[in-house]
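> no sequence for this one, just the structure:
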C-alpha cells in the first residue's frame, strides 16, 4: 500500500467547492490537515469512483444552484452532507486571494473545527413542493406581463377596455378596431395568455391533488387568510417546523422582523429584514388583508398599529402574526381557534 493511499485512509472531512462543470474537493483528517486536493468533473461516474474509496465522510457543500444531485449521490454512498451557509461563510473567512482550492480547503477546515455555519437542507418532497409553487408563481407573473402589454397596445390607440380578459371583455377586445400590425400583436399576446392560463390551471389542479393527502394543509386552512395554495407554499418554504424552537424564529426566517440597530443606550428598529422567501412573504401580506376582514382580533390589531404606524407597517405586523399562528398550528397539530385570541393578543397562546 503506497504512502499516499495510507494517508487517504485517514480522511474524515471533505470540503467541496461545487461548480457547474467541475467540483474541487479538499480531503482532511480529524485535525483538519489537508490530505489531498483534486478537481473532479461533474460526471456521476467520476464522482462515484472517487468517493467510493472512502467510508463515512463528513462532506460540506455550499448552498447554491444545482447542488441537489451531488448531495443525493453522496448520501446514497453513505456519506454525511452538510449545507454551508454561503453568506455566513463569506463573512467569517474573507480573503484577498480567492481560488477554488482555497474555498474547498476553507470548507473542510470549518467542518473539522466544528465552526461551519449551516443552513437547512430541504427534503426531496419539500424541494418538489417549492418548485411547484414557484413555477406556478412564475407562470402567473408571465401572464400578468402579457396582459399589461395588451393594455399598452390599446392605450396607444386610445381604446382602453375595462377588464378585457373576462368573457365580456374578450368579446369587446375582439370587436375593437386596431391597426393591422397592432391587431396582430394583440392576438399574439392573447394566444400566449390563453396558453399560460391553461398551464396555471394545471398547476392549481396539482396543488389541490397534493393537498388532499397532506393533513397539515387542512389545519393551516383554518387560519384566516390561508387557502390551499398558501398552505402548501408555507409547508414547502418553511420545511420541518420542529427545527424552530419559537414562533418568532419562523417570522425571522421569513424576513418579517425589523432590523435592530443597538449601541450603548441607543436602540432603534429599522425596516424588516426581508430575508428568506420573497414569495412566501408576499403571500403572507396578501393573506393578511383577507385575515383582517375575517378575524375581529386581527382587525383590532391592524387598526391599533395603523393609528400609530400607518397601513403598511400594520399589515406587515398582521402577516408576521399569521406566520406565528401557522407555527403553533403545525407544531401543536391543532386547528386555529379565534377564542385563543379573544383574551388579548399579548396573552394569547398563538
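Looks like it came in fine. Predicted model only: the values in this text are computed from it and were never measured.
> how about the strands of the protein, start to end?
Assigned by DSSP state E, the chain shows strands spanning 13-18, 22-28, 34-41, 58-62, 80-84, 258-263, 266-272.
> Contacts for the fourth one, please.
Contacts of strand 58-62 from elsewhere in the structure, counted by Cβ atoms under 8 Å, 6 or more residues apart in numbering, are 12-18, 67, 70-71, 74, 79-84, 86, 89, 107-108, 110-111, 116. In short, each C-beta sits where N, CA and C put it, glycine included.
> how's this protein carved up into domains?
The record's domain split for the chain, according to automatic domain parsing, is 3-112, 124-213, 217-347.
> could those be laid out in a markdown table, adding mean neighbour count and mean pLDDT?
As requested, these are exported to a markdown table (neighbours: other Cβ atoms under 10 Å; pLDDT from 0 to 100):
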| stretch | mean neighbour count | mean pLDDT |
| --- | --- | --- |
| domain 3-112 | 16 | 89 |
| domain 124-213 | 14 | 94 |
| domain 217-347 | 17 | 90 |
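> Report whether the expected contact of residue 208 with residue 228 is present.
Yes: counting by Cβ atoms under 8 Å, residue 228 is a contact partner of residue 208 at 6.0 Å.
> Might one say that residue 89 is in contact with residue 107?
Yes: under the criterion of Cβ under 8 Å, residue 89 makes contact with residue 107 at 7.5 Å.
> contacting residues for the residue nearest in space to the middle of the chain?
Central residue of the chain (Cα atoms, centre = their mean): residue 277, 3.9 Å from the mean position. Residue 277 makes contact with 237, 254, 255, according to Cβ under 8 Å, 6+ apart.
> if we take these, which one ends up nearest to residue 320?
residue 254 (8.2 Å; Cβ to Cβ).
> Now do the same contact list for that closest one.
237, 238, 275, 276, 277, 280, 281, 284, 323.
> ok, 6 Å please
Residue 254 sits next to 276, 280, 281, 323 when contact means Cβ atoms under 6 Å, 6 or more residues apart in numbering.
> Show me which of the residues you listed is closest to residue 242.
For these, the nearest to residue 242 is residue 323 (16.0 Å; Cβ to Cβ).
> Quick check on the residue lying closest to residue 254 once chain neighbours are set aside: phi, psi?
Nearest residue to residue 254 in three dimensions, chain neighbours excluded: residue 276, at 4.6 Å (Cβ to Cβ, 6 or more residues apart in numbering). Backbone torsions of residue 276, given as degrees, to the nearest 10, read phi 80, psi -160.
> gap between residue 276 and residue 100?
To residue 100, residue 276 is 29 Å away according to Cβ to Cβ, to the nearest Å.
> do residue 175 as well
When residue 175 is compared with residue 100 (using Cβ to Cβ), they lie 62 Å apart.
> Same question for residue 129.
Distance from residue 129 to residue 100, by Cβ to Cβ: 33 Å.
> Repeat that for residue 21.
On the measure of Cβ to Cβ, residue 21 and residue 100 end up 12 Å apart.
> Turn the contacts of residue 277 into a markdown table, including distance to residue 333.
Putting those into a markdown table (distance: Cβ to Cβ, whole Å) gives the following:
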| residue | distance to residue 333 |
| --- | --- |
| 237 | 19 |
| 254 | 21 |
| 255 | 26 |
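> out of the residues you listed, who's nearest residue 56?
Using Cβ to Cβ, the contacts of residue 277 come closest to residue 56 at residue 237, 31.9 Å.
> didn't that closest one look like it was pressed against residue 282?
No: with contact defined as Cβ atoms under 6 Å, residue 237 does not reach residue 282; the gap is 11.3 Å.
> No further queries at this time; thank you.
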